[in-house]
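In: Here's my sequence, what's the structure:
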Amino acid sequence: MKVRKAVVTAAGWGTRFLPATKAQPKEMLPVVDKPLIQYIVEEAVASGIQQIIVVTALGKRAIEDHFDRSFDLESALRAKGNLSKLKEIKRVSEMGEISYIRQKEQLGLGHAILITENLVGGEPFAVFLPDDLIQSDVPAMAQMVEVFNRYQASVVAVERVPKEATSAYGIVAAEPVGERVFKVTGLVEKPSPEAAPSNLAIVGRYILTPEIFQALHQTGRGKGNEIQLTDGLQLLLKQQPIYAYEFTGKRHDAGTPLGLLKASVEIALSRSDIGPEFSAYLKDVVRWL
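Out: Down below sits the predicted model:
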């Protein structure tokens with residue numbers, strides 16, 4: 001089966017960014033000149049996924065407005081002759097087939113995925129966590145789709161982290177089966193460094209088979225009194241294989257102010273239109289520190 005659908009989780013409060021997120025969604029914070037969530041949707045579309053389900057919550061209406069048509073703005077840009085910006089905002093509103101569902105209670109990532117069951121249906125699907133922004137020549141999800149096509153089983157993206165950082169991640173126990181591909185033998189949610197089975201940390205990209213929904217139905221509330229996706233994956237692992245893929249690319253933890261700032265700087269430097277001038281500016285700043 002092909003991966004045709006994606007779930008993008010965007011229902012969190014964004015408390016680490018207060019007061020900036022008091023009246024706007026964290027996912028709409030800009031990275032240079034695009035909101036964070038637009039990078040995620042672009043990655044999904046570039047990976048061959050056209051049907052995108054965004055899990056939102058109260059106060060997240062700006063996400064829907066961003067991907068909708070704005071006829072007044074289009075008309076104003078056309079009247080000013082700003083055709084390049086007109087083309088860009090029309091492109092944003094035409095990316096994929098985007099639908100929305102609200103998570104009415106903050107009950108964890110597993111719960112956010114579970115409420116999309118009827119929209120996803122009985123087929124494999126991708127999951128994106130917008131906090132993780134990944135720069136790569138080949139989109140990280142496109143890399144994972146290739147792995148899924150090979151094994152026809154769930155795939156989780158992993159990244160090697162320092163041993164002392166394992167308590168911040170879900171960690172896999174795994175055996176290598178190919179280049180950058182591992183067969184998962186166990187998963188632990190945020191283990192202490194002493195208890196961690198490896199330093200392969202699960203990050204914000206997944207491809208899941210539809211059986212995950214039944215596993216999540218059977219999963220009770222775990223850490224933080226929430227339904228943890230890692231616990232659901234543990235149950236799924238008893239029924240079918242799961243693979244981990246160590247993607248190529250640079251991941252930014254855009255879920256923190258410092259991480260978002262670093263992502264903005266590195267993406268700005270990579271752009272041909274502003275990168276050279278911005279690089280010169282940074283060198284000048286560093287010289288005066």
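In: check contacts around L107.
Out: R221, E226, I227 (C-beta atoms under 8 Å, 6 or more residues apart in numbering). Placement of C-beta: from N, CA and C, glycine included.
In: List the residues that contact the closest residue to G14 other than its chain neighbours.
Out: Using C-beta to C-beta, 6 or more residues apart in numbering and skipping residues adjacent in sequence, the residue nearest G14 is K26, 2.9 Å away. Neighbouring residues of K26 by C-beta under 8 Å, 6+ apart: G12, W13, G14, F17, L36, P130, G255.
In: what about 7 Å?
Out: Contact analysis of K26 by C-beta atoms under 7 Å, 6 or more residues apart in numbering lists G12, G14, F17.
In: what's the spacing between stretch 226-241 and its chain's center?
Out: Centroid separation for stretch 226-241 versus its chain: 19 Å, with C-alpha atoms, centre = their mean, to the nearest Å.
In: hey, where'd the strands end up in this structure?
Out: Ranges of strands in the chain, per DSSP state E, are 5-9, 30-31, 34-35, 51-56, 97-102, 125-128, 132-135, 154-160, 170-178, 181-189, 200-208, 242-246, 250-253.
In: The fourth one pairs with which strands?
Out: In other words, strand 51-56. Neighbouring strands of strand 51-56 in its sheet, by DSSP bridges, are strand 5-9 (parallel), strand 97-102 (parallel).
In: Give me the residues contacting that strand.
Out: Taking C-beta under 7 Å, 6+ apart as the rule, strand 51-56 contacts 4-11, 41, 44, 63, 96-103, 112, 115-116, 119-120.
In: Which positions in it come out as buried?
Out: If you call a residue buried by 16 or more other C-beta atoms under 10 Å, then strand 51-56 has these buried ones: Q51, I52, I53, V54, V55, T56.
In: In the stretch 101-250 of the chain, where is pLDDT below threshold?
Out: 222-225 (pLDDT under 70).
In: mind redoing it with 80?
Out: Regions of the stretch 101-250 of the chain meeting the criterion pLDDT under 80 cover residues 220-225.
In: What separation do you get for the closest residue in space to A20 that isn't next to it in sequence and E211?
Out: What sits nearest to A20 in space, not counting adjacent residues and going by C-beta to C-beta, 6+ apart, is L29, at 6.7 Å. L29 is 35 Å from E211, where distance means C-beta to C-beta, to the nearest Å.
In: Report how many residues lie close to L86.
Out: 18 (other C-beta atoms under 10 Å).
In: go on, the one 3 residues further on?
Out: Here the count is done by other C-beta under 10 Å, and I89 has 16 residues near it.
In: That one: what's it in contact with?
Out: Applying C-beta under 7 Å, 6+ apart, the residues contacting I89 are S70, L73, E74.
In: now the residues you listed as JSON lines including distance to K80, pLDDT and neighbour count?
Out: Putting the contacts of I89 into JSON lines (distance: C-beta to C-beta, whole Å; pLDDT from 0 to 100; neighbours: other C-beta atoms under 10 Å) gives the following:
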{"residue": "S70", "distance to K80": "15", "pLDDT": "93", "neighbour count": "15"}
{"residue": "L73", "distance to K80": "11", "pLDDT": "95", "neighbour count": "12"}
{"residue": "E74", "distance to K80": "11", "pLDDT": "94", "neighbour count": "15"}
